[in-house]
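Asks: I'll drop the sequence and a predicted model, then ask my questions.
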Amino acid sequence: MQRGSSGNLYPDATLVGQPVVQAMPAVGVAQPVVQMMPAVGVAQPAGQPFCGLPSPPTQPVVDPATSESLAGRGFPRGLTQELVKSAQIFPIRLLVVDNSGSMQTPDGARLVDMGNRHSMVSCSRWQELSVTLASVGYMAHALGARTDFLLLNPPGGACQYLSVGGDGASAPSIPRLGPMVDDATLARSMQAVSPAGTTPLTEALQQVIGLLTPAVPELTSRGQQAVVILATDGLPNDPPSFLGALQQLQRLPVWLVVRLCTNDDNVVSYWNDLDNSLEAPLEVLDDEAGEAGEIAAKNPWLTYGPQLHLARTFGMHNRLFDLLDEAKLVPSQVREFCELLLGTGPLPEPQLDFGDFFAALTAAVNAAPSTVDPRTGRRAQWINLGRIKRLRPGFGFGSCGPGSGCVML
């Protein structure tokens with residue numbers, strides 16, 4: 001990803017119902033500081049629920065160092081705010097890393113910055129995944145969001161388990177299996193791995209279940225979940241037992257993401273069929289270019305930049321991020337997603353006043369950093385304003401009837 005300016009990309013503003021970027025004293029530690037704003041107008045004592053329901057999460061304040069760091073990597077303000085919210089709702093991520101021998105297969109792809117443009121280049125599946133792991137490690141460090149990396153197979157002379165981000169206070173009932181390291185150490189460790197062995201995904205899920213089960217009462221009382229990310233290129237050694245373990249896992253408070261590192265049709269079909277058959281949803285992600293193509297088929301007004309792909313891999317709490325590759329969003333959902341992505345605050349309803357909506361969105365898009373379209377390698381605005389014009393009433397986008405492909409939440 002091309003680094004953008006680390007300066008202030010937006011004028012100072014206080015947004016209703018949105019996190020607020022506020023100045024804070026500099027802190028002489030590597031981990032960012034995320035403070036919580038008390039909910040306005042809530043009278044119950046701290047930690048005490050109303051009517052047996054958990055207290056709502058408080059609004060986070062993003063410290064300037066975190067905001068600048070993510071802005072320097074091209075994250076729009078709204079996406080940064082959503083990541084901070086998600087890190088609060090998902091206080092821990094357990095990332096199961098497939099380092100089996102098949103990850104040496106040279107049919108991977110990674111996005112490379114060539115200065116004036118980007119390009120997808122061929123590589124091994126492990127090289128593709130190691131870039132993703134390094135980016136997730138950076139995100140965990142920048143947000144102070146605990147993320148544990150669990151390799152399927154002992155890497156031989158190196159740590160099988162590593163943890164990045166957070167001081168453990170966010171999820172005290174979940175022990176770390178390995179040492180806590182910074183994101184640079186994680187990146188070097190992953191690059192040094194030589195994949196070998198099989199794909200014991202069932203055993204890995206059982207290990208994750210054992211780690212999470214004691215923390216279920218605490219997570220539930222806080223209204224929180226854990227994110228479990230499976231980064232793999234293949235099928236489990238024993239599919240029937242894996243399905244049972246997956247169903248057991250989804251009975252816990254978890255959000256499940258599968259990051260596929262293969263274009264093998266049989267493997268992709270297996271995971272997509274699994275997604276359709278499970279009671280609880282899971283997020284199945286391809287590489288940047290593959291996922292961008294799927295989303296363009298449903299929502300061509302969105303440029304699916306690598307920052308958004310990384311955020312979805314990390315785990316996003318808002319269901320709209322999951323719907324991007326599944327359904328054509330209706331105009332009101334497009335409006336809401338633009339608010340979330342760009343951090344605009346409330347936009348006019350496009351079906352009621354398209355002119356005001358388009359003017360406000362145009363200003364927000366022009367104020368936001370650009371991104372890279374992984375399909376072309378060229379820089380582009382996050383929102384294609386020409387395609388947004390098709391949301392105008394009477395243009396054929398205003399209805400959501402049978403066969404339209406849209407989903408209402």
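Replies: Sure, I can see it. Note that the structure is a prediction, hence the values are computed from the model and not measured. Numbers count the residues shown, from 1 in each chain.

Asks: which residues of the stretch 101-250 of the chain score low on pLDDT?
Replies: Residues of the stretch 101-250 of the chain meeting the criterion pLDDT under 70: 167-172.

Asks: Tell me how this protein divides into domains.
Replies: Domain segmentation of the chain under automatic domain parsing yields 67-285, 290-409.

Asks: can I get those in CSV with mean neighbour count?
Replies: (C-beta placed from N, C-alpha, C; glycine too.) Shown next, in CSV, are the domains of the chain (neighbours: other CB atoms under 10 Å):
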stretch, mean neighbour count
domain 67-285, 19
domain 290-409, 18
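
Asks: Quick check: end-to-end length of stretch 314-327?
Replies: 21 Å (CA to CA, to the nearest Å).

Asks: ok now that stretch, how far from the chain's centre?
Replies: The chain centroid and the centroid of stretch 314-327 are separated by 9 Å under CA atoms, centre = their mean, to the nearest Å.

Asks: again, but for stretch 174-194
Replies: The answer for stretch 174-194 is 20 Å, by CA atoms, centre = their mean.

Asks: Residue 384 touches residue 304, doesn't it?
Replies: No. Judged on CB atoms under 8 Å, residue 384 makes no contact with residue 304 at a distance of 11.1 Å.

Asks: just the helices in the stretch 101-250 of the chain please.
Replies: 125-143, 183-191, 201-212, 216-221, 239-250 (DSSP state H, counting those that start in this stretch).

Asks: Residue 357 is nearest to which of those helices?
Replies: helix 125-143 (31.3 Å; CB to CB).

Asks: got the CA coordinates for the closest one in PDB?
Replies: C-alpha atoms of helix 125-143 as PDB (Å, rounded to 0.1, in the frame of the first residue of the first chain):
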ATOM      1  CA  ARG A 125       0.600 -19.100  -0.800                       C
ATOM      2  CA  TRP A 126       2.800 -18.600   2.300                       C
ATOM      3  CA  GLN A 127       4.300 -15.400   0.900                       C
ATOM      4  CA  GLU A 128       0.800 -14.100   0.300                       C
ATOM      5  CA  LEU A 129      -0.300 -15.000   3.800                       C
ATOM      6  CA  SER A 130       2.800 -13.700   5.500                       C
ATOM      7  CA  VAL A 131       2.100 -10.200   4.100                       C
ATOM      8  CA  THR A 132      -1.500 -10.400   5.500                       C
ATOM      9  CA  LEU A 133      -0.200 -11.600   8.900                       C
ATOM     10  CA  ALA A 134       2.300  -8.700   9.000                       C
ATOM     11  CA  SER A 135      -0.500  -6.300   8.200                       C
ATOM     12  CA  VAL A 136      -2.800  -7.800  10.900                       C
ATOM     13  CA  GLY A 137       0.100  -7.500  13.300                       C
ATOM     14  CA  TYR A 138       0.600  -3.900  12.500                       C
ATOM     15  CA  MET A 139      -3.200  -3.300  13.000                       C
ATOM     16  CA  ALA A 140      -3.100  -5.100  16.400                       C
ATOM     17  CA  HIS A 141      -0.100  -3.000  17.500                       C
ATOM     18  CA  ALA A 142      -1.600   0.300  16.300                       C
ATOM     19  CA  LEU A 143      -4.900  -0.300  17.900                       C
END
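
Asks: ok, which stretches of the stretch 51-200 of the chain are strands?
Replies: 59-62, 92-97, 108-113, 118-123, 146-151, 161-164 (DSSP state E, counting those that start in this stretch).

Asks: SS state for the residue of the chain most remote from its centre?
Replies: Residue farthest from the centre of the chain, counting by CA atoms, centre = their mean, is residue 394 at 34.5 Å. Classification of residue 394 using DSSP: H, G, I helix; E, B strand; the rest coil returns coil.
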